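S.K.: Here is a sequence together with a model predicted from it:
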Amino acid sequence: MMIKKITNLIIAISLLSVLISSVAVKADEGIRITESSAEVAFPYKLVFKIEAESDVDIKDIRLHYQVDRDHFAVVTSEIIIEFIPDTEVATGWTWDMIKSGGLPTGTNIEYWWTVTDADNERIETEKYSIQFNDERYKWHSLIEGDITIYWYQGNDDFARQLMVVAQEALIRLAMDTGAHLQRPVRLYIYASAQDLQGAMIFPQEWTGGVAYTTYGMVAIGINAGNMEWGKRTIVHELTHLVTQQVTFNPYNSLPVWLNEGLSMYAEGEMEHLFENYLEQAILNDELISVCSLASPFSADARLSYLSYAQSMSIVEFLIDNYGQEKMLELLNIFEKGSSYDGALMTVYGFDMDGLNDRWRDYITAVYRLVMGDEPETAQKTVLFILAATSMLVLGLIIRNGNGDGDDEKSFTIHDLPVSERPRERLQKYGAESLSAQEILALILGRGIAGESVMVTAQRLLSEFGNLKTLAGASLEELSQVRGIGLAKASQIKAAFELAGRLERYAEDEKRPLLKTPENVAELLKSSFRGKTREHFMVVLLDTRSRLIKVSQISIGSLDSSIVHPREAFKEAISASAVSVILAHNHPSGDDSPSEDDIILTKRLADAGELMGIEVLDHIIITDNSYLSLKRADLF
């Protein structure tokens with residue numbers, strides 16, 4: 001009996017040992033990833049999938065990914081996957097490009113997963129790579145140096161022609177500016193503008209080529225029917241890539257006139273369409289200031305053409321008059337994050353206003369003295385000037401020869417009694433004592449035959465009703481008034497423009513300069529104070545970081561707000577903002593960012609980059625504190 005009990009005990013211990021051994025093996029196995037994949041549905045989405053199992057419930061799964069592009073710090077996006085905890089889980093996440101903005105074809109994404117179970121065991125998978133390729137077409141490739149051309153329609157000679165154009169463009173650019181390609185680039189050649197637009201999320205109907213500068217990639221619609229246009233476009237967009245690589249910095253972007261001007265200059269001789277717009281603007285005194293050209297160009301077609309033409313002319317002026325070395329020095333200064341005025345002052349000794357004056361003098365002289373390139377035209381222009389000069393001299397001799405002519409003369413301010421002359425009244429009583437009529441008389445200086453300048457000034461005011469209407473009159477309208485020719489009309493327009501600029505300058509000075517998180521927190525804290533729900537705002541800035549406006553984007557719950565990239569940037573695009581600062585409040589009083597805050601910031605920064613609007617920071621504000629995500633290195 002005793003032996004039987006001992007035998008049973010041994011069997012029981014053996015069974016228990018086997019059972020314990022079996023459990024230990026399963027525990028050693030822990031979390032197991034049975035499937036991991038990513039599927040591309042270009043250009044609209046990228047679907048990540050994972051299947052995992054464990055002996056206990058899996059409670060947390062996160063997707064981590066990095067997008068391969070130019071950056072100053074490696075940015076890892078983290079997605080918290082929503083699923084029901086279980087021992088076996090099949091789940092995933094869809095990257096919706098319509099919501100975030102698209103990625104260009106060929107973009108490489110590196111991703112991995114972290115999985116945690118109920119026992120707090122955590123594993124991290126190996127890193128996987130996937131390319132966001134446009135697989136609608138069967139692509140061929142041609143590689144030469146740092147340039148790779150991808151195309152799907154046309155023979156090898158078609159691609160070789162484009163490669164020759166690209167390589168020659170790099171050589172010319174290096175000769176003209178000293179700038180070189182620093183990293184490899186890719187050119188994707190679509191067979192038409194329609195095919196290209198099909199590769200984009202929000203294309204404009206006129207889009208025929210686009211440069212994704214931080215991705216080192218250009219996409220263009222080219223076929224045998226538009227080869228010449230395509231070659232120029234390759235040069236233009238490739239120059240954008242080189243310029244971006246040479247000047248890439250975390251502090252400031254290039255003024256648009258320099259960025260676009262370099263690309264236009266690289267194309268070669270200005271096309272007649274652009275030249276015509278430039279010529280008309282010079283003749284009508286409608287040139288856009290260099291300062292205005294530093295911001296994104298107008299959507300109006302006429303102003304857009306003129307902006308591109310002026311930008312090319314300005315760059316040509318700088319290179320022709322100051323040399324290639326200075327242009328390279330300017331690009332290198334911008335790479336250090338210099339301000340627009342600071343960079344120009346360092347290299348050339350003048351700021352944007354100084355450049356504006358010098359370039360205007362130069363281009364106006366060129367166009368008004370020689371309206372064309374033909375020697376015959378130049379000769380006719382010189383003969384005309386000589387003839388006009390001779391007639392002027394002859395007229396003076398005839399008029400003043402014997403001193404007793406009885407021809408009518410125009411009345412000037414000096415024909416008035418001394419006590420009534422506007423200039424003397426200004427000196428004695430101050431400018432504020434003068435009437436609008438007297439100020440106009442001073443500007444005009446001289447009346448017409450048989451009429452004093454004061455009468456001319458009063459008639460001018462009467463014809464237009466008031467100063468506001470007079471200020472808004474065109475040169476043509478002013479010139480049609482008797483006694484007001486083009487010269488006097490120009491003087492009047494110049495006086496009103498000067499007053500307008502002073503007013504705009506004063507308004508600009510009133511707009512706060514937002515350079516630091518402290519500036520932003522001080523601006524917005526009163527707007528957020530006492531709010532019981534999260535309010536998300538976007539601060540719109542101009543090229544000099546001055547406030548344009550503050551836009552409220554959404555109102556959420558106690559601890560969250562819903563923000564869509566489209567709404568966040570709608571106001572920025574409408575106001576032509578160059579950069580934005582995101583801001584929202586935490587009613588809880590804790591300014592620590594949530595994971596959702598960080599993810600949203602990265603998502604909006606990515607969307608802004610695609611639209612050319614830089615997200616400078618994201619400020620979280622409470623009643624008593626604030627936190628800058630940029631300063632905390634959280635994006």
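M.R.: Great, that's in hand. Numbering: from 1, shown residues only.

S.K.: Can you list the helices and strands that the strand or helix carrying residue 235 packs against?
M.R.: Element membership of residue 235, judged by DSSP states H and E, is helix 227-247. Under the contact definition 3 or more CB pairs under 8 Å, 6 or more residues apart in numbering; DSSP states H and E, helix 227-247 sits against helix 156-177, strand 185-190, strand 209-212, strand 217-221, helix 256-267, helix 324-335. From N, CA and C alone the C-beta is placed, and that goes for glycine too.

S.K.: Serialize the ones you listed to JSON lines and add fields for mean pLDDT and distance to residue 432.
M.R.: Formatted as JSON lines, those follow (pLDDT from 0 to 100; distance: least, CB to CB, whole Å):
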{"stretch": "helix 156-177", "mean pLDDT": "91", "distance to residue 432": "51"}
{"stretch": "strand 185-190", "mean pLDDT": "97", "distance to residue 432": "61"}
{"stretch": "strand 209-212", "mean pLDDT": "91", "distance to residue 432": "54"}
{"stretch": "strand 217-221", "mean pLDDT": "95", "distance to residue 432": "59"}
{"stretch": "helix 256-267", "mean pLDDT": "94", "distance to residue 432": "39"}
{"stretch": "helix 324-335", "mean pLDDT": "93", "distance to residue 432": "44"}
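
S.K.: Out of those, which gets nearest to residue 552?
M.R.: helix 256-267 (28.4 Å; CB to CB).

S.K.: quick one: contacts of the closest one?
M.R.: Here helix 256-267 makes contact (CB atoms under 8 Å, 6 or more residues apart in numbering) with 169, 172-173, 176-177, 232, 235-240, 243, 253, 270, 274, 290, 293-297, 307-316, 319, 330, 334.

S.K.: So which bits of it are buried?
M.R.: Counting neighbours by 16 or more other CB atoms under 10 Å, one finds that the buried residues in helix 256-267 are 256, 257, 258, 259, 260, 261, 262, 263, 264, 265, 266, 267.

S.K.: right, and residue 601 touches residue 632 too?
M.R.: No. With contact defined as CB atoms under 8 Å, residue 601 does not reach residue 632; the gap is 10.7 Å.

S.K.: Quickly list what's touching both of the two.
M.R.: residue 593.

S.K.: the more surrounded of the two?
M.R.: residue 601 (21 against 14; other CB atoms under 10 Å).

S.K.: The more buried one sits in which helix or strand?
M.R.: Short version, using DSSP H and E: residue 601 is in helix 595-611.

S.K.: Centre of the chain to that helix, how far?
M.R.: 17 Å (CA atoms, centre = their mean, to the nearest Å).

S.K.: contact partners of the helix or strand that comes right after that helix?
M.R.: Going down the chain from helix 595-611, the next helix or strand is strand 614-621, by DSSP H and E. The contact list for strand 614-621 (CB under 8 Å, 6+ apart) reads 253, 517, 520-521, 524-525, 528, 541, 578-586, 591-593, 597, 601, 604-605, 608-609, 626-631, 635.

S.K.: Direction-wise, compare strand 614-621 with helix 595-611 and give the angle.
M.R.: 160 degrees (axes from the mean of the first three to the mean of the last three CA atoms, to 10 degrees).

S.K.: how far out from the middle of the chain is strand 614-621?
M.R.: Distance, stretch centre to chain centre, for strand 614-621: 18 Å (CA atoms, centre = their mean).

S.K.: strand partners of that strand, parallel vs antiparallel please.
M.R.: Sheet pairing of strand 614-621 (DSSP bridges) gives strand 579-585 (parallel), strand 626-628 (antiparallel).

S.K.: What mean pLDDT does that strand get?
M.R.: What strand 614-621 shows for mean pLDDT is 94.

S.K.: circling back to that earlier point, of the buried residues of helix 256-267, just say which sits nearest to residue 464.
M.R.: Closest to residue 464 out of those is residue 257 (34.9 Å), distances taken as CB to CB.

S.K.: distance of the nearest residue to the closest one once chain neighbours are set aside from residue 227?
M.R.: Leaving aside its chain neighbours, residue 257 sits nearest to residue 293 (3.8 Å; criterion: CB to CB, 6 or more residues apart in numbering). Counting by CB to CB, to the nearest Å, the gap from residue 293 to residue 227 is 31 Å.

S.K.: and the longest strand for this structure?
M.R.: What stands out as the longest strand in the chain, according to DSSP state E, is strand 45-67.

S.K.: Please compute how far the very next helix or strand once past it lies from its chain's middle.
M.R.: Sequence-wise, the next helix or strand downstream of strand 45-67 (DSSP H and E) is strand 77-80. Its chain's average C-alpha position is 28 Å from that of strand 77-80, according to CA atoms, centre = their mean.

S.K.: For the stretch 101-250 of the chain, give me the ranges with low pLDDT.
M.R.: For the stretch 101-250 of the chain, no stretch is flagged by pLDDT under 70.

S.K.: and if you look at the chain?
M.R.: For the chain, the stretches flagged by pLDDT under 70 are 1-29, 368-421, 447-450, 503-510, 557-562.

S.K.: Just want the angle from the helix holding residue 235 to strand 185-190.
M.R.: Using the same axes, to 10 degrees: helix 227-247 against strand 185-190 is 150 degrees.

S.K.: Off-centre distance for helix 227-247?
M.R.: Taking mean C-alpha positions (CA atoms, centre = their mean), helix 227-247 and its chain are 17 Å apart.

S.K.: Repeat that for stretch 286-295.
M.R.: That offset, for stretch 286-295, works out to 15 Å (CA atoms, centre = their mean).

S.K.: so after the host helix or strand of residue 493, what's the next helix or strand?
M.R.: Assigned by DSSP H and E, residue 493 belongs to helix 486-510. Elements were assigned by DSSP H and E; along the chain past helix 486-510, the next helix or strand is helix 517-528.

S.K.: I am finished for the moment; much appreciated.
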